[in-house]
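**Q** Sharing a model that was predicted from the sequence below.
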Amino acid sequence: KAGVTQTPRYLIKTRGQQVTLSCSPISGHRSVSWYQQTPGQGLQFLFEYFSETQRNKGNFPGRFSGRQFSNSRSEMNVSTLELGDSALYLCASSTTPGASSTDTQYFGPGTRLTVL
Amino acid sequence: GENVEQHPSTLSVQEGDSAVIKCTYSDSASNYFPWYKQELGKGPQLIIDIRSNVGEKKDQRIAVTLNKTAKHFSLHITETQPEDSAVYFCADSGAGSYQLTFGKGTKLSVIP
């Protein structure tokens, strides 16, 4: 079974631009979560989608948004990019919502975003 | 909010020795504790997890122990090999939570 895939793998943008990242979950997984990874803050939860609905959102500004399609693929968007948005953006999929005592999250390779 | 503290931040061991990484969590409702291994340029890979109804779980050279009273859990790697070199993250999730809270990571170096 194919793993979680993320596209593109690398992106370079300038301040003020916007960016859209894509995530395709493992076949049969309906939940997709997004995390931001930086050297200073580590792995931080952005949001989670299940059945096209946002179930939970982390402590990030409204410039960060996402959506999920009927085939469970998910996109996240960052508008008005800032230098501090440079990070590895990871998505993870699971069969049921969230990381619980009955399910497991599997991560993709991430998208490396650099903001100049 | 929930906080997970992970120690040490770096760990160097000789090949064949054991490595132990410890994490402490704050939310007493946490009931799921996975460990992830992240190699350079890759996403985190789940290596072992434990649920709150057990105290220990083992998978070949890797084991995890959980002490719910003290609110800490540990990763044990025995007979370390150079390919074990990576960054290891602990995480937890509370009952009804939709997210994992991660520790800051431990960079493990296995010296041949």
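**A** Happy to help now that I have it.
**Q** now for the lowest-mean-pLDDT helix or strand in chain A, which elements pack on it?
**A** Counting by mean pLDDT, DSSP states H and E, chain A has its least confident helix or strand at strand A:53-57, which shows a mean of 90. Judged by 3 or more C-beta pairs under 8 Å, 6 or more residues apart in numbering or on different chains; DSSP states H and E, strand A:53-57 is in contact with strand A:42-50, strand A:64-68. Quick note: C-beta positions are derived from backbone N, CA and C, even for glycine.
**Q** interface residues of chain B facing chain A?
**A** B:31-32, B:34, B:36, B:41-46, B:49, B:51-52, B:89, B:91, B:93, B:95, B:97-105 (C-beta under 8 Å from any C-beta of the partner chain).
**Q** re earlier: which of the residues in the least confident helix or strand of chain A are buried?
**A** The neighbour-count check on strand A:53-57 (16 or more other C-beta atoms under 10 Å in any protein chain shown) flags A:55, A:56, A:57 as buried.
**Q** Can you tell me which of the helices and strands packed on strand A:53-57 is most buried?
**A** Mean neighbour count (mean count of other C-beta atoms under 10 Å in any protein chain shown) peaks for strand A:42-50 among those, with a mean of 22.
**Q** Confidence-wise, which of the helices and strands packed on strand A:53-57 is weakest overall?
**A** When mean pLDDT is averaged over each of those, strand A:42-50 scores lowest at a mean of 92.
**Q** center of chain A, which residue is that?
**A** residue A:34 (2.9 Å; C-alpha atoms, centre = their mean).
**Q** isn't that one right up against residue A:87?
**A** No. If you go by C-beta atoms under 8 Å, residue A:34 and residue A:87 don't touch, sitting 11.2 Å apart.
**Q** Quick check: neighbours shared by these two?
**A** The contact sets of residue A:34 and residue A:87 do not overlap (C-beta atoms under 8 Å, 6 or more residues apart in numbering or on different chains).
**Q** For chain A, which segments count as strands?
**A** Per DSSP state E, chain A carries strands over the ranges A:5-7, A:10-13, A:19-24, A:31-38, A:42-50, A:53-57, A:64-68, A:74-78, A:87-94, A:106-107, A:111-115.
**Q** what's around residue B:36, how many residues?
**A** Summarising burial for residue B:36: neighbours were counted as other C-beta atoms under 10 Å in any protein chain shown, giving 26.
**Q** any idea of the mean pLDDT in stretch A:5-15?
**A** On average, stretch A:5-15 scores 97.
**Q** Could I get the CA-only coordinates of that stretch as PDB?
**A** Below are the C-alpha coordinates for stretch A:5-15, written out as PDB (Å, rounded to 0.1, in the frame of the first residue of the first chain):
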ATOM      1  CA  THR A   5       2.400  11.600  -0.500                       C
ATOM      2  CA  GLN A   6       3.000  15.300  -0.400                       C
ATOM      3  CA  THR A   7       3.600  17.700  -3.300                       C
ATOM      4  CA  PRO A   8       5.700  19.600  -4.000                       C
ATOM      5  CA  ARG A   9       8.600  18.500  -1.900                       C
ATOM      6  CA  TYR A  10      10.400  21.800  -2.100                       C
ATOM      7  CA  LEU A  11       9.100  25.400  -2.500                       C
ATOM      8  CA  ILE A  12      10.700  28.800  -2.500                       C
ATOM      9  CA  LYS A  13       8.500  31.800  -2.200                       C
ATOM     10  CA  THR A  14       9.000  35.500  -1.300                       C
ATOM     11  CA  ARG A  15       7.300  37.400   1.500                       C
END
